[in-house]
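Peer 1: Fold the following.
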Amino acid sequence: MSSKRPLTRQQRGNRIIGAVVAAVFVGMVGAAYAAVPLYKAFCQATGYDGTVRRATKAPDQVLDDKILIHFDTNVRDLPWDFSAEQRTQPLKIGETKVAIFKVTNHSDKPVTGRAVFNVVPEQAAVYFHKLSCFCFSDQTIAAGQTVEMPVLYFVDPKYATDFETRTQKEVTLSYTFYPAVDAKPQTASAAPAKKAG
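Peer 2: Numbering: from 1, shown residues only. Below is the predicted model of the structure:
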């Protein structure tokens, strides 16, 4: 004969509260892990926080309105020199342009980095699109190697009609290279330039 006593109302209530608290905890931990990729996806889709959008095709319309694109380059915790071949580039709105960047690895071993980017002013980011860019994947540069990295980009014609951007005649595209975390080395997607030294 079983000696188990039925649960009291308070014990049943405590178990329900415990289960709810455990479920909320698991949900919060899951949300914390999902927050970064979800935020990144949101920024790339909307241009929020100066995040540039990725495009699959160029616009059909090119306007006579021109803006000046500035290029800013930075490196954090990598033995690299990183620079833009052109510091500025005039651009017709809707026109597709190529900007060339160079990276030199001064280390005696291959190093993998990943570029993050943003646009200033932030309102311009929703209209600044890249068709191809080294920032979409990790880049491994061989010891002593210099590579050229092209960026194919355009500014959407809607830039010229948005009240927040239509008077902005200068836009800065800024890149910062950081060491890649848990990188799977790959050959740099850019064309090799020349050996440093």
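Peer 1: use CA for all of it now, contacts and neighbours both
Peer 2: Noted.
Peer 1: need the strands for this structure, in chain order.
Peer 2: Listed in chain order, the strands of the chain (DSSP state E) span 53-54, 66-75, 80-84, 88-92, 97-105, 111-120, 128-132, 139-141, 145-155, 170-179, 191-195.
Peer 1: what domains does the record give for this structure?
Peer 2: By the assignment in automatic domain parsing, the chain contains the domains 8-46, 53-195.
Peer 1: Worst mean pLDDT among these?
Peer 2: When these are compared by mean pLDDT, domain 8-46 comes last with a mean of 68.
Peer 1: Mind listing the residues bridging to the spatially most central residue of the chain?
Peer 2: Geometric centre of the chain, nearest residue: Val116, 4.7 Å, by C-alpha atoms, centre = their mean. Applying DSSP bridges to Val116 gives these bridge partners: Thr176.
Peer 1: how close does the closest residue to Lys158 other than its chain neighbours get to Gln168?
Peer 2: Of all residues not flanking Lys158 in the chain, Tyr127 sits nearest, at 7.1 Å (C-alpha to C-alpha, 6 or more residues apart in numbering). In this view, Tyr127 and Gln168 are 12 Å apart by C-alpha to C-alpha, to the nearest Å.
Peer 1: Let me know whether Val171 touches Ala125 as I believe.
Peer 2: No: the criterion here is C-alpha atoms under 8 Å, and Val171 misses it with Ala125 at 9.1 Å.
Peer 1: between these two, which one's more packed in?
Peer 2: More neighbours surround Ala125 than the other of Val171 and Ala125, with 27 against 22 (other C-alpha atoms under 10 Å).
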